[in-house]
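> Next one to model:
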Amino acid sequence: MDDCLFCRIIRGEIPSAKVYEDDRVYAFRDINPQAPVHVLVVPKAHYKNVSDCAGKDPGLTGYVFKACTDIARAEGLENGFRLTTNNGPDACQSVEHMHVHILGGAKLTDKMG
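Sure thing, here's the model as predicted:
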């Protein structure tokens, strides 16, 4: 998608603090971090949200989550981390491109909402 924020970041049209990249995913630091480590992991292929991706390419969905665990390990999150993805407007999904947040680096609150 030409006007998608994350597609533009993946293409290098918008700068980002890249953490990881391979042929299927791109990961970068969130510009408004909610934890000491806050990385976004996005598939390079455009899917509106996790439901869209899982329905059309379930293997890619699994690949994204595997990449998240590898990135969390590389970021030194040995004591744990949180993976979260917002799916649709009621979940406050702000960018309509499937993405997973990796949060860690400190004890996180147990409150989820």
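> so how far is stretch 19-26 from its chain's centroid?
In terms of C-alpha atoms, centre = their mean, to the nearest Å, the centre of stretch 19-26 is found 11 Å from the chain centre.
> 2 is where my numbering starts, stick with that
Understood, numbering begins at 2; the last thing we discussed is stretch 20-27.
> For that stretch, which residues meet the burial criterion?
20-21, 26-27 (16 or more other C-beta atoms under 10 Å). Bear in mind the C-beta positions are built from the backbone N, C-alpha and C, glycine included.
> residues in contact with that stretch?
Stretch 20-27 is contacted from outside by 10-11, 19, 28-30, 40, 42-46, 61, 64-65, 68, 71-72, 75-76, using C-beta atoms under 8 Å, 6 or more residues apart in numbering.
> Stretch 67-81 too?
Contacts for stretch 67-81 (C-beta under 8 Å, 6+ apart): 20-21, 23, 25-26, 28, 38, 40, 42, 82, 84, 101, 103, 105-106, 109.
> so residue 19 makes contact with residue 42?
No: judged on C-beta atoms under 8 Å, residue 19 makes no contact with residue 42 at a distance of 11.4 Å.
> Looking at the longest strand along the chain now, give me its mean pLDDT.
The residue-count maximum for a strand in the chain (DSSP state E) belongs to strand 38-44. Average pLDDT, strand 38-44: 98.
> what pLDDT, on average, does the helix or strand following it get?
Downstream of strand 38-44, the first helix or strand assigned by DSSP states H and E is helix 51-57. Average pLDDT, helix 51-57: 96.
> swap in stretch 8-19?
If you average the pLDDT over stretch 8-19, you get 97.
> ok, now stretch 91-105?
On average, stretch 91-105 scores 96.
> Please identify the buried residues of it?
By 16+ other C-beta under 10 Å, the buried positions in stretch 91-105 come out as 94, 96-105.
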